[in-house]
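S.K.: give me a model of this one.
(one chain, ligands or ions: 2)
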Amino acid sequence: MTLNLTHEPIEGEHFTITSESTGDVWEIVVGLEVHCELATVTKLFCGCPNMFGDEPNTNVCPVCLGLPGSLPVLNHQVVELAMRLGRALHCSVEPSVFARKNYFYPDMPKDYQVSQFDRPINVDGWLDLPDGTRVGIERAHIEEDTGKNTHAGGSGRIHGADYSLVDYNRAGVPLVEIVGRPHIRHPEQAKMYIDELRAILLATGASDAKMEEGSLRVDANVSVRRVGDPELGKRCEIKNLNSLRSLGRAIDYEARRQVDLLEEGIAIRQETRHWDEGAGRTRPGRSKEEAEDYRYFQEPDLVPLEPSAEWVAAIDAALPVLPAQRRTILAEAAGVGATESGVVMAVQRGLDGLALAAIDQGGEGRRVLTHVEHNLAVDGAETLDPKHLADLVGLELAGQLTATQAKTVLAEMVSSGSSPAAIATELGFEAMDSSELEAMIDAIIAESPDEWSSFRDADEKRQAKLQGFFVGKVMKVSKGQADGKAVTAILESRRNAPA
Ligand code: ZN
Ligand code: MN
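M.R.: Ligands and ions are numbered 1, 2, ... in the order given. Predicted coordinates for the structure are as follows:
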């Protein structure tokens, strides 16, 4: 069966898979669980350094090795960062309790993981995506990381390995697990969620959020249902998604797999699946029937955690302006919508401060954003003088620089720091005289009589295409000095003139 993944939005925010064989329209439902390592100096319950990439088994002590008689001491900075993240995600901070999650694995020296179970620290928040979607956050709790196994020989997996090595440097590193609600409807939206979460983690200083170093790890719960069905479908949890690319591909693959099965009348088995990047598919892992009973119980060596209202208030007062707020502020200043790509890109690249200052200095909002989005994805862009950016936009609007010329001048502004007027003079950029431009266009029309007559007689769709032919020629002859808008206007007046 061939499936056709369409990306057509329904009611503006849903995305669907249309089955080519049955014509049924399916909706993808995704909830993400993210583990992120907190950027603390030391581990969760001991004084060992929280450091990535050190010599194996050098950052260990009796506590994080789980030796008998050792006792955990809760790290103050962990609670501080976990709450900062929770508040940035609009969660309420609740009295919480640590619990033991019991299972055996060689990378976990205590044979249990200290986590939070039925009483997590942060509950019930949300995160706003750049596209305007609000994704609920069920909880964001504190837990400890495990060590790391390396399987030598064979394929690098445990099966077929000659032997396994274990590094306990990561055992006891503090994590926050952020459990999102199933409000995501598309692979691209899932990637957007991770991008946004990463921006929040960086803004709050809670984590360095490096997916490639494993400090941010994503599991995706994926299910599908027919559009309009109020019930959620059976979900599968995909583990080991260590890049945004894998996340998008895995959701896409998994949703198609589930639709395929359901259309053939086969029920989905709720299970954990692993993403195989090489093969481009998910494979079954543990099934839910065999799922461990973790035998959670309250950690007897730690007291319940109840941060004071003053502590929470101090955290709120110290929160930075977060990406979603920054988008709103910039959009308002520029007079555009907060979901516009120029706004989103400006905040993502950390250039919203520059854009705001340029607008404040008189730069027209939309054009400032156009430059930030398309022409400032370069190193050093943040050092640009906002007054210079505002002046450049002014020259463009006054018709003294074409869009192409402005782009060239801007690149020079970033590298040299000079003013746009000085650079434009130096480069010999002067607006073309309109009679000169008209003469140039008439000559081009005379050179291509066949193209011109088909342009004049064509329907709207073809006309747009043929107009591009003439605009391209004018740009080539004028070496980019002609103003695109003026060219279009002249072409239009020639087309409407009696033959
Ligand atoms: Zn330790
Ligand atoms: Mn977890």
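
S.K.: quick check, central residue of this protein?
M.R.: residue 195 (2.1 Å; Cα atoms, centre = their mean).

S.K.: list the contacts of the residue of the stretch 301-450 of the chain found nearest ligand 1.
M.R.: Proximity of the stretch 301-450 of the chain to ligand 1 (Cβ to the ion) peaks at residue 301, 14.5 Å away. Quick note: C-beta positions are derived from backbone N, CA and C, even for glycine. Counting by Cβ atoms under 8 Å, 6 or more residues apart in numbering, residue 301 makes contact with 71-72.

S.K.: separation between it and residue 45?
M.R.: Using Cβ to Cβ, to the nearest Å, one gets 9 Å for the distance from residue 301 to residue 45.

S.K.: overlap in contacts, those two.
M.R.: Contacts common to residue 301 and residue 45, judged by Cβ under 8 Å, 6+ apart, are residue 72.

S.K.: which pLDDT value goes with the residue of the stretch 301-450 of the chain closest to ligand 1?
M.R.: We have a pLDDT of 96 for residue 301.

S.K.: I'd like the numbering to begin with 57 instead of 1 from here.
M.R.: Okay, residue one is now 57; in that scheme the one you just asked about reads as residue 357.

S.K.: assumed it was part of a helix.
M.R.: No. Assessed with DSSP: H, G, I helix; E, B strand; the rest coil, residue 357 is coil; it does not lie in a helix.

S.K.: how about it, phi and psi?
M.R.: With angles defined as degrees, to the nearest 10, residue 357 sits at phi -90, psi 0.

S.K.: double-check that the residue nearest to the centre of the chain belongs to a strand.
M.R.: No. Under three-state DSSP, residue 251 sits outside any strand and is assigned helix.

S.K.: residues contacting it?
M.R.: Shown in contact with residue 251 (Cβ under 8 Å, 6+ apart): 300, 404.

S.K.: quick one, strands of the stretch 207-356 of the chain?
M.R.: Assigned by DSSP state E, counting those that start in this stretch, the strands in the stretch 207-356 of the chain fall at 219-223, 230-236, 272-282, 292-297, 327-332, 337-343, 353-354.

S.K.: among the ones you listed, which gets the worst mean confidence?
M.R.: For these, the bottom mean pLDDT is recorded on strand 337-343, which sits at a mean of 82.

S.K.: re earlier: return the most buried member of the strands of the stretch 207-356 of the chain.
M.R.: Among those, strand 230-236 has the highest mean neighbour count (mean count of other Cβ atoms under 10 Å), at a mean of 24.

S.K.: and the next element down the chain from the least confident helix or strand in the chain by mean pLDDT?
M.R.: Ranked by mean pLDDT, DSSP states H and E, the weakest helix or strand in the chain is strand 59-61, scoring a mean of 39. Later in the chain than strand 59-61, the nearest helix or strand by DSSP states H and E is strand 72-75.

S.K.: tell me the helices and strands packed up against that following strand.
M.R.: Judged by 3 or more Cβ pairs under 8 Å, 6 or more residues apart in numbering; DSSP states H and E, strand 72-75 is in contact with strand 59-61, strand 81-93, helix 300-319.

S.K.: the ones you listed: which one's closest to residue 350?
M.R.: strand 81-93 (15.6 Å; Cβ to Cβ).

S.K.: what packs against that closest one?
M.R.: strand 72-75, strand 230-236, helix 243-260, strand 272-282, helix 300-319.

S.K.: ligand 1 contacts on the chain?
M.R.: By Cβ under 5 Å from the ion, the residues of the chain that approach ligand 1 are 102, 104, 117, 119-120.

S.K.: nearest to residue 528, of those?
M.R.: Looking at those and their distance to residue 528, the nearest is residue 104, at 63.6 Å (Cβ to Cβ).

S.K.: and the closest one, how many residues sit next to it?
M.R.: As a burial measure, residue 104 scores 21 neighbours (other Cβ atoms under 10 Å).

S.K.: ditto for the one 10 residues further on
M.R.: By the criterion of other Cβ under 10 Å, residue 114 has 12 neighbours.

S.K.: the residue lying closest to it once chain neighbours are set aside: how many residues sit nearby?
M.R.: With sequence-adjacent residues excluded and distances taken as Cβ to Cβ, 6 or more residues apart in numbering, residue 114 is closest to residue 225, at 6.7 Å. Applying other Cβ under 10 Å, we find 24 other residues in the vicinity of residue 225.

S.K.: I'd say residue 225 and residue 121 touch.
M.R.: No. With contact defined as Cβ atoms under 8 Å, residue 225 does not reach residue 121; the gap is 10.9 Å.
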